[in-house]
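In: no FASTA, just this:
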């Protein structure tokens, strides 16, 4: 590739940015940007997010942790629902950059994208969020029970959309049946379950691959997913969008909530308020620094203008200027 091929020679427009990843997009842009070419999946108009909003009392003024934002389609919807702040963590570097492209094109202002492994983030963070959105990530984990356990430590509400293992449905799907070579018993923090190994195989060769961080992952059965949520304190569970006929394997969406006592709710609201104030303070500090730079520039300009006039006056009077 020639160096100059990396330059754009047409007038700036969203398609130029989208074409940096031409052929790699999964998502179809929202209706007001339908003139631009990206992917085909309606992730910017996803009924699963609408359903979750109904089940969880909306997203307005809530802090949201989004795991694997992919191309920021759900992030865009969460902002439109009035989320106070969205922390979106993406490990796939190309997907992360695509999220930044979308952030600029759509002007997302309350979303912060982090490039890294959300499992490591969840293991180390002490921050709490009102809601966790984990769509399309559970079946990419090598230890899916750990992910559910970590989510339970950071959020009282969660939306999960995932594929799951169903022996009969998997056998009937010749496109994926060979990708499950074995199963094994497992345990995580007292939760006993079975892991079904899934091999990505040829999918790893696609530039737009958006799976896990290893050549394989482990799936859970439907029963184990629900039991795992209950094991880690999610007792109000609703299931929707379930199908055994999904071409990539059986799938479902669930929302789960904890029963929180009043003191915990008040503490969480206070923490959320503190987090919002910290974000506002950072923004004000940036604005203050910009204003200070502008004032300094104006004062410098004014000084040199006055100095020039002083020299002109002395010269007009025939006085030495000693410039």
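Out: Okay, I see it. Quantities reported herein were computed from a predicted structural model and do not represent experimental measurements. Numbers count the residues shown, from 1 in each chain.
In: Can you give me the pLDDT of the residue lying closest to residue 184 once chain neighbours are set aside?
Out: Excluding the flanking residues, the one nearest residue 184 by C-beta to C-beta, 6 or more residues apart in numbering is residue 195, at 5.4 Å. (Glycine included, C-beta is placed from N, CA and C.) What the model reports as pLDDT for residue 195 is 98.
In: Report the secondary structure state of residue 195.
Out: Classification of residue 195 by DSSP: H, G, I helix; E, B strand; the rest coil places it in strand.
In: Distance check, it against residue 217.
Out: Separation of residue 195 from residue 217 (C-beta to C-beta, to the nearest Å): 9 Å.
In: packing partners for the strand or helix carrying residue 101?
Out: Secondary structure assignment for residue 101, by DSSP states H and E: helix 93-106. Identification of packing neighbours for helix 93-106 by 3 or more C-beta pairs under 8 Å, 6 or more residues apart in numbering; DSSP states H and E yields helix 14-18, helix 73-80, strand 85-90, strand 111-115.
In: relative to strand 85-90, how tilted is the helix or strand where residue 299 lies?
Out: According to DSSP H and E, residue 299 maps onto helix 262-316. Angle, helix 262-316 to strand 85-90, by axes from the mean of the first three to the mean of the last three C-alpha atoms, to 10 degrees: 90 degrees.
In: and residue 289, how many neighbours does it have?
Out: 10 (other C-beta atoms under 10 Å).
In: Show the contacting residues for it.
Out: By C-beta atoms under 8 Å, 6 or more residues apart in numbering, residue 289 lies in contact with nothing.
In: ok so, going back, shared neighbours of residue 195 and residue 217, which are they?
Out: Listed contacts common to residue 195 and residue 217 are residue 144; contacts here mean C-beta under 8 Å, 6+ apart.
In: returning to what we had before: how much space separates the residue nearest to residue 184 from residue 285?
Out: In this view, residue 195 and residue 285 are 47 Å apart by C-beta to C-beta.
In: same question, residue 168
Out: In terms of C-beta to C-beta, residue 168 sits 58 Å off from residue 285.
In: and what of residue 259?
Out: From residue 259 to residue 285 the distance is 39 Å (C-beta to C-beta).
In: Let me know whether residue 66 touches residue 85 as I believe.
Out: No. Residue 66 is not in contact with residue 85 according to C-beta atoms under 8 Å; the separation is 10.8 Å.
In: Appreciated, that's everything.
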